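Visitor: sequence and predicted structure below; questions after.
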Amino acid sequence: MANALEAIDGGDATEAELAVMAALSGLDRAVQKGVLHRNNASRRKSRLAIKMNRLLEAGPDAAPVQEPARGRQTRRRTTGSRSRG
């Protein structure tokens, strides 16, 4: 899977497509052997497909698009009548 992500970041669509297909096959194999849960593999396959489609839509001349960082929110949200003062 790491090879597929690197290939997508590299921007070469043909190389990335081959790497993604190999990663999808590897994820399916991991599910069959019981290494990964099927939902986990499905989520990973979906994320790979989304990234691959973005690469294909962008075309060969486009620069790789970086995704926004995901993680915990850094600020705590206040709710109700209590507010930080």
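Guide: That came through fine. Numbering: from 1, shown residues only.

Visitor: may I see the buried residues of the worst-scoring helix or strand of the chain on mean pLDDT?
Guide: Taking mean pLDDT, DSSP states H and E as the measure, the chain has helix 2-10 as its least confident helix or strand, at a mean of 92. For helix 2-10, a neighbour-count test (16 or more other CB atoms under 10 Å) marks Ala4, Leu5, Ala7, Ile8 as buried. Bear in mind the C-beta positions are built from the backbone N, C-alpha and C, glycine included.

Visitor: hmm, the third one is touching Ala23, no?
Guide: Right, Ala7. No: between Ala7 and Ala23 there is no contact under CB atoms under 8 Å: 9.3 Å.

Visitor: can I get whichever strand or helix holds Arg44 in PDB, CA atoms only?
Guide: Assessed by DSSP states H and E, Arg44 sits inside helix 38-58. Extracted in PDB, the C-alpha atoms of helix 38-58 (Å, rounded to 0.1, in the frame of the first residue of the first chain):
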ATOM      1  CA  ARG A  38     -13.200  -6.500   5.700                       C
ATOM      2  CA  ASN A  39     -14.400  -3.000   6.600                       C
ATOM      3  CA  ASN A  40     -10.900  -1.800   7.300                       C
ATOM      4  CA  ALA A  41      -9.700  -3.100   3.900                       C
ATOM      5  CA  SER A  42     -12.800  -1.600   2.200                       C
ATOM      6  CA  ARG A  43     -12.000   1.800   3.800                       C
ATOM      7  CA  ARG A  44      -8.400   1.600   2.700                       C
ATOM      8  CA  LYS A  45      -9.400   0.600  -0.900                       C
ATOM      9  CA  SER A  46     -11.800   3.500  -1.000                       C
ATOM     10  CA  ARG A  47      -9.200   6.000   0.000                       C
ATOM     11  CA  LEU A  48      -6.700   4.600  -2.600                       C
ATOM     12  CA  ALA A  49      -9.400   4.800  -5.300                       C
ATOM     13  CA  ILE A  50     -10.200   8.400  -4.400                       C
ATOM     14  CA  LYS A  51      -6.500   9.400  -4.600                       C
ATOM     15  CA  MET A  52      -6.100   7.600  -7.800                       C
ATOM     16  CA  ASN A  53      -9.100   9.200  -9.400                       C
ATOM     17  CA  ARG A  54      -7.800  12.700  -8.300                       C
ATOM     18  CA  LEU A  55      -4.600  11.900 -10.100                       C
ATOM     19  CA  LEU A  56      -6.300  10.800 -13.200                       C
ATOM     20  CA  GLU A  57      -8.700  13.800 -13.200                       C
ATOM     21  CA  ALA A  58      -5.800  16.300 -12.700                       C
END
